[in-house]
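[1] just the structure for this:
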Amino acid sequence: MDNSIRVLHTEWSRGWGGQEIRIISEMIAIRDLGVDVFLACRNDSVIKKKALENNFKVFTLPFKGNADFQTLFIISKIIKAYSINIINTHSGKDTWVGGLAAKLAGVRFIRTRHLSNPINPARINFINELADYIFTTGESIRLEMIKYNRIKPHKIESIPTGIDIYKFDINRYLRQNCREQFNINKDEIVIGIIAVLRKFKRHDFFLKMAKSLIKKYPEKKLSFVIAGDGPQKNNIINLIEKLNLDKKVNMLGHVEQIPELLTALDIFVLSSDSKEGVPQAAMQALFMGKNVVATNCGSTKDLFMGGNFQLVATHSVDDLIKGVSFYLDQSIVTKNKALIDDKFSIKFMASRILQVYISLLR
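    Model (predicted):
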């Protein structure tokens, strides 16, 4: 493969959620195809640690704001010193400085847009229009940027985050062993959410749903798990106490063993009200044949192919209850086979990205 492709990813975010996971998984997959990959991020970010663990060259920069000329100047020096020919930016602030540095240095500028919340359409917010190409993580994001942000259709493409189809093969895991790993009893019906603890994930909806389901199905042994960490942790703990759910809801914190946890679950719930691209955890749950209830936000509907998937309205606890009740009323039949196809695999994601890289550099 052509080793002259040298890509510098930039990321302003300090946190660790779907966006940052996508960046690292993409970097690994594209490196496996022969591309040289680098990362520029903030010093105290989780993604820095993850990149170093995976043996990537990392540059730590201030990324103080859209007009951070110090960071722009340093990126320009990195481009020259390491013969970078593509800059791939991910958050708003690093897109401004990374994109402008790419343009000034005469290298290709790719913008990856992960979230589905609207981008300010004002003419002064022109940085995305300067990009040579834009990746989005969902079709709804692509359409919004074409409609409201003056992006030409031939310069933008939806490439959902890919799944490691070996890692998320349900046949690799024994359900009882996975349940024991997370201290789940054999006869419990477990309903779970796997998401960074941020406000738009609406864990409050999930907990209110849990309270209602416990009342609605007193004869069933229902339990609930929340996997993830983030800024809403204390608020979620307080709400659990307020709703008297201490004995019914288990907060697991950050979990690395996602396939094992999904194997242990009966029903996966996504309760977000905005910002989603194609949500990775929902995609993984569907690939493992799990029963899924997800709100119709962002590009979640890109995953909808029928089967064990209830797509419900956003901002509606009642609809979440109805979605989960659908499975509880039929005593839950999990198909244990992939409910989405290979276009959501990490192999497909990496091959498509590489095609764009090669095309741009021609």
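[2] assumed residue 38 was part of a strand.
    Yes. The assignment for residue 38 is a strand, going by DSSP: H, G, I helix; E, B strand; the rest coil.
[3] quick check: residue 74 vs residue 40, distance?
    Plainly put, residue 74 is 8 Å away from residue 40 if you go by C-beta to C-beta, to the nearest Å. Just so you know, the C-beta spots here come from the backbone N, C-alpha and C atoms, and that holds for glycine as well.
[4] and residue 276, how many neighbours?
    30 (other C-beta atoms under 10 Å).
[5] and stretch 135-151, which residues are buried?
    Neighbour-count burial for stretch 135-151, counted by 16 or more other C-beta atoms under 10 Å, picks out 135-146, 149, 151.
[6] just stretch 321-331 next, same as before
    321, 323, 324, 325, 326, 327, 328.
[7] cool, stretch 243-253 as well?
    The neighbour-count check on stretch 243-253 (16+ other C-beta under 10 Å) flags 243, 245, 248, 249, 250, 251, 252 as buried.
[8] what residue of this protein is the furthest out?
    Largest separation from the mean C-alpha position in the chain: residue 219, at 35.7 Å (C-alpha atoms, centre = their mean).
[9] what helix or strand is that residue on?
    For residue 219, there is no host helix or strand (DSSP states H and E).
[10] quick revisit: list residues touching both of residue 74 and residue 40?
    Applying C-beta atoms under 8 Å, 6 or more residues apart in numbering, one finds that residue 74 and residue 40 are jointly contacted by 59, 61.
[11] compare these two (neighbour count), which wins?
    Between residue 74 and residue 40, residue 40 has the larger neighbour count (other C-beta under 10 Å), namely 27 against 18.
[12] OK, contacts around the more buried one?
    Applying C-beta under 8 Å, 6+ apart, the residues near residue 40 are 8, 9, 10, 11, 58, 59, 60, 61, 75, 78, 94, 98.
[13] now those residues: which count as buried?
    For the contacts of residue 40, a neighbour count by 16+ other C-beta under 10 Å gives the buried set as 8, 9, 10, 11, 58, 59, 61, 75, 78, 94, 98.
[14] isn't there a strand covering the third one?
    Meaning residue 10. Yes. Checked against three-state DSSP, residue 10 lies within a strand.
[15] so it bridges to which residues?
    Residue 10 forms beta bridges with residue 40, residue 89, as assigned by DSSP bridges.
[16] could you double-check that it lies in contact with residue 45?
    No. Using C-beta atoms under 8 Å as the test, residue 10 is too far from residue 45 to be in contact (11.4 Å).
[17] the longest helix in this protein is where?
    Counting residues, the longest helix found in the chain (DSSP state H) is helix 346-361.
[18] mean confidence score for that helix?
    Averaging pLDDT along helix 346-361 yields 96.
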